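Student: dropping the sequence and predicted coords here.
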Amino acid sequence: MLLLGIETSCDDTAVAIVRNGRDVLANVSTNQDEFHRAYGGIVPEIASRAHLALLSAAIEHTLERAQMTLADCDGIAVTYGPGLIGSLLVGVATAKALAFAARRPLYAVNHLHGHLFAPFLARTEAPPYPFLALLVSGGHTQLVAVDAPMQLRVLGKTRDDAAGEAFDKTARLLGLGFPGGPALDALARDGDARAVAFPRYRPEGDALDFSFSGLKTSVRYFLERPENASVRREDVAASFQAAVVDVLTARVDAAFSRGSFRAVALSGGVAANSLLQQRLRAWAEQRGVEIFIPARAYCTDNAAMIAAAADAQGEAVRVDPLSVAADPNLPFERIGNAA
């Protein structure tokens with residue numbers, strides 16, 4: 001099955017064509033960093049207006065790259081939530097119009113589910129069910145048991161800041177600008193991760209939840225103390241990053257020990273972090289378990305993962321083009337659209 005995917009949940013205007021949920025025939029993504037950099041973060045109104053300006057061209061460019069027309073596609077998959085409402089509306093309205101005009105099925109995909117299927121893309125082997133997924137992004141940090149395409153169980157989630165949000169806020173404290181995550185990762189490579197003993201959050205009892213707000217606050221207090229002025233930014237960045245990765249790796253280990261998982265998958269924007277990939281690969285080798293990490297292009301928000309999720313979840317996410325609605329607060333548990 002050939003699916004045209006559309007993703008506009010935040011500030012990336014993305015379109016892709018994917019065959020059978022695995023083979024990426026074309027993948028186009030235009031970020032809006034230049035529009036938002038002056039504000040130090042994403043401005044929702046600017047994001048939605050940029051999607052309006054970019055999406056039609058992105059669709060045309062994707063079809064050209066795949067040497068296809070819309071009539072060649074078997075269906076259209078679109079993110080309908082969660083995300084910024086203005087951004088979602090642009091993508092959903094466009095997908096509805098295309099599906100109605102071309103008389104093609106429309107698939108409404110939960111953005112977070114899309115990330116779970118990113119490790120299936122552009123590879124010969126896919127994660128075998130059941131597998132454990134660590135989803136780490138700017139807005140979400142979750143451990144998910146993926147028993148089947150439509151059987152997803154959240155085992156642990158953030159109680160406050162997501163890992164990506166903590167990266168961005170700490171990068172701002174270090175004067176690294178926007179987007180902060182990749183800049184902090186780059187800076188940390190020249191730092192000493194043992195220079196500052198930042199705290200590692202440990203939930204009470206057997207909980208697998210995360211919390212990064214205290215860590216972020218610890219960085220702020222550390223930087224505000226005059227006696228720490230001589231500590232290099234590189235060392236602060238490396239120490240902060242090590243604290244985040246320690247927590248993420250520890251939770252993966254704990255969750256994996258409690259289940260009967262056949263593999264582990266990493267996804268979301270923070271999945272591109274070099275230290276996190278390094279540590280989880282080492283952990284997987286020590287554990288003797290296969291780990292699946294998407295290529296960098298499929299870690300951040302992209303439309304190929306939306307098409308992959310639609311292919312895997314099939315009829316469960318097929319919707320009436322005239323009734324589907326964007327949902328900025330869509331819960332993780334929702335599959336398809338009951339509207």
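Tutor: Here it is on my side, so go on. Numbering: from 1, shown residues only.
Student: quick one: the strands in this structure, in order.
Tutor: 2-7, 12-19, 23-31, 75-81, 106-110, 131-136, 141-148, 151-157, 263-267, 290-292, 318-319 (DSSP state E).
Student: starting from the fifth one, tell me which strands it pairs with and how they run.
Tutor: According to DSSP bridges, strand 106-110 forms sheet pairs with strand 75-81 (parallel), strand 318-319 (antiparallel).
Student: ok, now the second one?
Tutor: The strands beside strand 12-19 in its sheet (DSSP bridges) come out as strand 2-7 (antiparallel), strand 23-31 (antiparallel).
Student: list the contacts of the first one.
Tutor: Meaning strand 2-7. Residues outside strand 2-7 that contact it (Cβ atoms under 8 Å, 6 or more residues apart in numbering): 14-19, 21, 25, 55, 59, 62-63, 68, 70, 72-79, 91, 94-95, 98, 107, 111, 114, 301-308, 310-311. C-beta coordinates here come from the backbone N, C-alpha and C atoms, glycine included.
Student: buried set for that strand?
Tutor: 2, 3, 4, 5, 6, 7 (16 or more other Cβ atoms under 10 Å).
Student: mind putting the residues you listed into CSV with pLDDT?
Tutor: As requested, the buried residues of strand 2-7 are arranged in CSV below (pLDDT from 0 to 100):
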residue, pLDDT
2, 97
3, 98
4, 98
5, 98
6, 98
7, 98
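Student: closest to residue 203 out of these?
Tutor: residue 7 (32.0 Å; Cβ to Cβ).
Student: in the sheet, who's paired with the closest one?
Tutor: Going by DSSP bridges, residue 7 is paired in beta bridges with residue 14.
Student: how near is it to residue 268?
Tutor: 13 Å (Cβ to Cβ, to the nearest Å).
Student: now residue 225
Tutor: 33 Å.
Student: the more surrounded of the two?
Tutor: residue 268 (28 against 9; other Cβ atoms under 10 Å).
Student: any idea how far the more buried one is from residue 136?
Tutor: 4 Å.
Student: overlap in contacts, those two.
Tutor: Joint contacts of residue 268 and residue 136 (Cβ under 8 Å, 6+ apart) are residue 164.
Student: quick one: low-confidence parts of this structure?
Tutor: Applying pLDDT under 70 to the chain flags residues 32-33, 36, 38-39, 337-339.
Student: how about 50 then?
Tutor: 338-339 (pLDDT under 50).
Student: residue 155 and residue 208 touch, don't they?
Tutor: Yes: the criterion here is Cβ atoms under 8 Å, and residue 155 meets it with residue 208 at 5.1 Å.
Student: identify the contacts common to those two.
Tutor: Counting by Cβ under 8 Å, 6+ apart, the contacts common to residue 155 and residue 208 are 143, 255.
Student: can I see the domain layout of the chain?
Tutor: Split into domains by automatic domain parsing, the chain comes to 2-117+298-319, 128-294.
Student: for the closest residue to residue 276 other than its chain neighbours, grab the count of nearby residues.
Tutor: Nearest residue to residue 276, sequence neighbours excluded (Cβ to Cβ, 6 or more residues apart in numbering): residue 245, at 5.1 Å. Per other Cβ under 10 Å, the neighbour tally for residue 245 reads 22.
Student: and residue 279, how far is that from residue 291?
Tutor: From residue 279 to residue 291 the distance is 11 Å (Cβ to Cβ).
Student: counting neighbours, go ahead and name the busier of those two.
Tutor: residue 291 (22 against 17).
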